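Student: sharing a sequence plus its predicted fold:
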Amino acid sequence: MNSFTYHRATAVQDAVQDKAGHDGSAYIGGGTNLIDLMKENVARPTHLVSVGKLPLADIENLPDGGLRLGATASNADTAWHDEVKSRYPLLNQAILAGASPQLRNAATNGGNLMQRTRCYYFYDLATPCNKREPGSGCSAIGGFNRVCGILGTSESCIATHPSDMCVALAALAPTVRVSGPGGERSIAFDDFHRLPGNQPEKDNTLEPGELILSIDLPKEGFNKNFSYLKLRDRSSYAFALVSVAAALELDGNTITDARLALGGVAHKPWRDQAAEDLLKGQPATVETFARAAAKVLEGAQGHGSNDFKVELARRAIVRALKQAAEGTQTASDVFQNSNP
Amino acid sequence: MTQQPTNSAASAGGVAAPPPTGPVRLTINGEEHTLQIAPWTTLLDALREYLHLTGTKKGCDHGQCGACTVLVDGKRINSCLTLAVMHEGEDITTIEGLGTPENLHPLQQAFVDHDAFQCGYCTPGQICSAQGLINEGKARTEDEIREHMSGNVCRCGAYVGILNAVKEVVDKESLEPRK
């Protein structure tokens, strides 16, 4: 780890000003990803602005019927919050599918959105990586890319966003409230993370110095028909090869509303609204689900060692939608599902 | 109490300027300590290198193995992935604060009774993690305990004993309704 100076921010304004006053500085929340990256010399901030103790840890109801998830609430406290469990069980499941209890206790909600890819080459200083060192090249293209993306990739980068929580959030479509030198604003979740294009060093659309304050969920939580299906190399404590957040509103056997988002396949949590539209008004059958899966994967492209992800994703989408339609998933099923 | 490191890299003839150290006040196992440490000192290194509380182990140093698990305000975290300076004003409990050789913590006794270790390197982290699991009150069944202990890896493969040890203590303490 390189040397750095440290400031524990006392208020949001203090954090934003302190960050703006230090070139090469970074915010630190729980630190579970940033400190790891600093140990690997992938991140080398000269100054840390600690925001973990800012009074942003509340989870509270919003006047419009939604729920505000404070940026510094831990992933664990968020997953186990009564309102999250009862109204947004898809989010509960996705958070608990990620990391380990220790990491979920330390990691913050804001930090979950800000965590960086686990692409091997991003961590390996000995190899080129456009995300780590813009312009140096992409070693994953033509290299080992089992964990890499199949949708929305570019010639510069095929890395994936590693979060589980963010896949459920993509399906639930909250807004992200941020504060920065230019004031406060809200960003639609789907616009928060970005595709790599020719600037893979940019994971998201935050302006320099902006700090996440909260994630504001809308009222609709899809708490009856939902599924978070995560497929990985071991049954716990591993990143997703493919994950699917599926949520349905049903009138009898007819789908009246649908949400569908994938993890482990793209540079951002991959919500496909065209596939959702295709589900609406249709009977909740395997044939319908297969058409939606085909739509999601229309432009999917493997890169060698991750070719299997295209077929895996197709099957996972169908299975997750089937589980959602059957309405059999409850929070406690997570434990059963994780132990085949 | 102020303590200096015994094997500081800075004293080994380095060329860098002296690191910006500052007093960091930590409460470890109920005792207050003031350490002169650099901000990049992890909680794990502060415990082991400055306070000589070597019960907490450094395994992978990247949050993947759980050997460094400690309790902060009763919640289990990886001490390798957090800075000591981030924990001023919080109550930190290490394996040394759970039990003593003369007065074993129930989890320590259960680990002995169930042969829940071989080399023992992961054991302090396993036990602190299990205490965190009990504090959380979410895991009761064997499957749930397996899932909620997945952040602690045992290279000797003593998982059967670990599961039985944790289950025994969870069963004894699970008279309260599930949280």
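Tutor: Arrived safely, thanks for sending. Bear in mind the structure is a predicted one, so any value in this text is a computation, not a measurement.
Student: count of neighbours near the residue in the stretch 101-250 of chain A positioned nearest to chain B?
Tutor: Residue nearest to chain B within the stretch 101-250 of chain A (Cβ to the nearest Cβ): A:Ser236, separated by 3.8 Å. Every residue, glycine included, has its C-beta placed from N, CA and C. Counted with other Cβ atoms under 10 Å in any protein chain shown, residues neighbouring A:Ser236 total 18.
Student: go on, B:Asp115?
Tutor: B:Asp115, neighbours per other Cβ under 10 Å, totals 13.
Student: now swap in A:Asp64 and tell me
Tutor: Using other Cβ under 10 Å: A:Asp64 sits among 8 other residues.
Student: identify the residue spatially nearest to it, adjacent ones excluded.
Tutor: Excluding its sequence neighbours, the residue lying closest to A:Asp64 (Cβ to Cβ, 6 or more residues apart in numbering or on different chains) is A:Lys219, at 6.4 Å.
Student: test my guess that A:Ala245 contacts A:Ala94.
Tutor: Yes - using Cβ atoms under 8 Å, A:Ala245 is in contact with A:Ala94, at 6.3 Å.
Student: residues shared between the contacts of the two?
Tutor: A:167-168, A:228 (Cβ atoms under 8 Å, 6 or more residues apart in numbering or on different chains).
Student: for B:Leu81, see how far away the one residue in the stretch 1-150 of chain A that gets nearest to chain B is.
Tutor: Scanning the stretch 1-150 of chain A for the residue nearest chain B gives A:Ser100, at 2.6 Å (criterion: Cβ to the nearest Cβ). As for A:Ser100, its distance to B:Leu81 is 11 Å (criterion: Cβ to Cβ, to the nearest Å).
Student: distance between the helix or strand harbouring A:Leu90 and the chain's centre?
Tutor: Using DSSP states H and E, A:Leu90 falls within helix A:89-97. Relative to the chain's own centre, helix A:89-97 is displaced by 12 Å; criterion: Cα atoms, centre = their mean, to the nearest Å.
Student: other SSEs contacting it?
Tutor: Packing partners of helix A:89-97 (3 or more Cβ pairs under 8 Å, 6 or more residues apart in numbering or on different chains; DSSP states H and E): helix A:75-79, helix A:82-87, helix A:165-172, strand A:225-231, strand A:242-251, helix A:333-337.
Student: give me whichever of the ones you listed is most buried.
Tutor: Of all those, helix A:165-172 carries the top mean neighbour count, a mean of 28, counting by mean count of other Cβ atoms under 10 Å in any protein chain shown.
Student: now the helix or strand just after that helix: mean pLDDT?
Tutor: Going down the chain from helix A:165-172, the next helix or strand is strand A:175-180, by DSSP H and E. Averaged across strand A:175-180, pLDDT comes to 98.
Student: where does the prediction get shaky in the chain?
Tutor: Going with chain A. Residue ranges of chain A with pLDDT under 70: A:328-340.
Student: looking at chain B here, not the other one
Tutor: For chain B, applying pLDDT under 70 flags the ranges B:1-19, B:175-179.
Student: residue closest to the middle of it?
Tutor: B:Val70 (2.6 Å; Cα atoms, centre = their mean).
Student: for the nearest residue to it once chain neighbours are set aside, grab the count of nearby residues.
Tutor: Using Cβ to Cβ, 6+ apart and skipping residues adjacent in sequence, the residue nearest B:Val70 is B:Ser79, 4.7 Å away. Residues within reach of B:Ser79, counting by other Cβ under 10 Å, total 31.
Student: then A:Ala107?
Tutor: 27.
Student: now the one 10 residues further on
Tutor: Other residues near A:Thr117 number 26, with proximity taken as other Cβ under 10 Å.
Student: what's the nearest residue to it once chain neighbours are set aside sitting at in phi/psi?
Tutor: Nearest residue to A:Thr117 in three dimensions, chain neighbours excluded: A:Ala159, at 3.9 Å (Cβ to Cβ, 6+ apart). In terms of degrees, to the nearest 10, the main-chain angles of A:Ala159 are phi -70, psi 160.
Student: picking up where we left off before, okay, the helices and strands packed on helix A:89-97 in a markdown table with distance to B:Ser174 next?
Tutor: Compiled in a markdown table, those are given as follows (distance: least, Cβ to Cβ, whole Å):
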| stretch | distance to B:Ser174 |
| --- | --- |
| helix A:75-79 | 19 |
| helix A:82-87 | 20 |
| helix A:165-172 | 28 |
| strand A:225-231 | 27 |
| strand A:242-251 | 31 |
| helix A:333-337 | 15 |
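Student: re the thing from before, checking the residue nearest to A:Asp64 next. Helix, strand or coil?
Tutor: The three-state label given to A:Lys219 by DSSP: H, G, I helix; E, B strand; the rest coil is coil.
Student: next up, the contacts around it.
Tutor: A:64-66.
Student: among those residues, which are in helices?
Tutor: Judged by DSSP state H, helices contain none of the contacts of A:Lys219.
Student: which residues of chain B lie near chain A?
Tutor: Contact residues, chain B versus chain A (Cβ under 8 Å from any Cβ of the partner chain): B:16, B:19-20, B:38-40, B:42, B:61-63, B:66, B:69, B:75-78, B:81-83, B:85-86, B:88, B:129, B:132-133, B:136, B:138-139, B:141, B:143-144, B:146-148, B:150-152, B:179.
Student: walk me through the domains of chain B.
Tutor: As assigned by automatic domain parsing, chain B contains the domains B:2-98, B:106-173.
Student: let's have these in JSON lines, adding distance to A:Pro55.
Tutor: Compiled in JSON lines, the domains of chain B are given as follows (distance: least, Cβ to Cβ, whole Å):
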{"stretch": "domain B:2-98", "distance to A:Pro55": "15"}
{"stretch": "domain B:106-173", "distance to A:Pro55": "24"}
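Student: which of the ones you listed sits closest to A:Asn204?
Tutor: If you check each of the domains of chain B against A:Asn204 by Cβ to Cβ, domain B:2-98 wins as the nearest, at 21.9 Å.
Student: now A:His267: closest residue in space that isn't a chain neighbour?
Tutor: A:Pro196 (4.8 Å).
Student: so what's the one you found up against?
Tutor: Residues near A:Pro196 by Cβ under 8 Å, 6+ apart: A:130-131, A:152-154, A:156-159, A:267.
Student: change it to 10 Å
Tutor: Going by Cβ atoms under 10 Å, 6 or more residues apart in numbering or on different chains, A:Pro196 touches A:117, A:130-131, A:138, A:149, A:152-159, A:202-203, A:266-268.
Student: near whatever residue of chain B ends up closest to chain A, how many other residues are there?
Tutor: When distances are taken as Cβ to the nearest Cβ, chain B reaches nearest to chain A at B:Gly151, 2.6 Å away. Close neighbours of B:Gly151, defined as other Cβ under 10 Å, add up to 27.
Student: now do the phi/psi pair for the residue lying farthest from the centre of chain A.
Tutor: Checked against the mean C-alpha position of chain A, the extreme residue using Cα atoms, centre = their mean is A:Gly252, at a distance of 31.6 Å. Main-chain torsions, A:Gly252, degrees, to the nearest 10: phi 70, psi -120.
Student: contacting residues for it?
Tutor: With Cβ under 10 Å, 6+ apart, A:Gly252 has these contacts: A:283-284.
Student: quick one: it from A:Ala284, how far?
Tutor: 9 Å.
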